[in-house]
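Trainee: dropping the sequence and predicted coords here.
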Amino acid sequence: MANTRLEKWIRPAIDALPSMRKLMLAIILLLIFLMVATPLFNKWMYPLDYEEQILYSSDATGADPFLVMAIIRVESKFNPEVESHAGAQGLMQLTPNTVDWVVKRGQFSPAFKESVHDPAINIHMGSWYISGLIREFEGNEIAAIAAYNAGPGNVRKWLEEERWDGTKQNINQIPFGETRHYIQRVTFFHERYSKLYSHLTNKRNSFTSPQ
């Protein structure tokens, strides 16, 4: 009796299910939708502007283009008009002292100082700066990112005094909370941009590689 009652309840539910063909079609359409929608959603979440300027300056300075993208995202969200309370300007938020240092060390035209808000110039100086910081810290990208935020003098002091070992795993040792958070954000966006926009460098390499 119990089985009969259970069958009377289950049978209508089974009959109401779509046919196997309809179910398979629905699954295929769902997969197609996800394949199309996911990249669009990701690019909406992680937008990119000024890619040509970034790629050009990265080639010229040896900077990682995806690191430059990540720094721009964290510093200005690709808004060239942003200016901080400390006077940092442009896409990569370069302070007047940093601009002076980059122009002198990089042997750039003094006219660059008057064009910090220009996206191409700002990206070029910022790319040169982060590339130089990575060299200064002997390839330690995490230390270079910290120096971009806190200044190379502070980072050298932390390392020399063994207050921080220069690794991402131990960024809790860094005295500045802002710098700890900055490293986390930049490295997060670096990973995202590297995955989403790797085709840009692949395409560029195919154009510049010798035949």
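Mentor: Okay, I see it. Numbers count the residues shown, from 1 in each chain.
Trainee: which intervals of the protein have sub-threshold pLDDT?
Mentor: 1-20, 22-23, 25-26, 29-44, 203-211 (pLDDT under 70).
Trainee: dihedrals phi and psi, the residue nearest the centre of the chain?
Mentor: The centre of the chain sits closest to A70, judged by Cα atoms, centre = their mean, with a distance of 2.5 Å. For A70, the backbone dihedrals are phi -60, psi -40 (criterion: degrees, to the nearest 10).
Trainee: buried ones in stretch 138-148?
Mentor: For stretch 138-148, a neighbour-count test (16 or more other Cβ atoms under 10 Å) marks 140-148 as buried. From N, CA and C alone the C-beta is placed, and that goes for glycine too.
Trainee: got CSV for those, with secondary structure and distance to G132 too?
Mentor: Listed next are the buried residues of stretch 138-148 as CSV, based on DSSP: H, G, I helix; E, B strand; the rest coil; distance: Cβ to Cβ, whole Å:
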residue, secondary structure, distance to G132
N140, coil, 13
E141, helix, 13
I142, helix, 16
A143, helix, 13
A144, helix, 9
I145, helix, 13
A146, helix, 14
A147, helix, 10
Y148, helix, 10
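Trainee: now, which of the residues you listed sits nearest S131?
Mentor: A144 (8.6 Å; Cβ to Cβ).
Trainee: let me see the domain layout of the chain.
Mentor: 2-34, 51-206 (automatic domain parsing).
Trainee: so of these, which one's packed in deepest?
Mentor: Each of the domains of the chain was scored by mean neighbour count; the highest is domain 51-206, a mean of 17, by mean count of other Cβ atoms under 10 Å.
Trainee: my guess is the residue nearest to the centre of the chain contacts K195, does it?
Mentor: No - in this structure A70 lies outside contact range of K195 using Cβ atoms under 8 Å: 11.8 Å.
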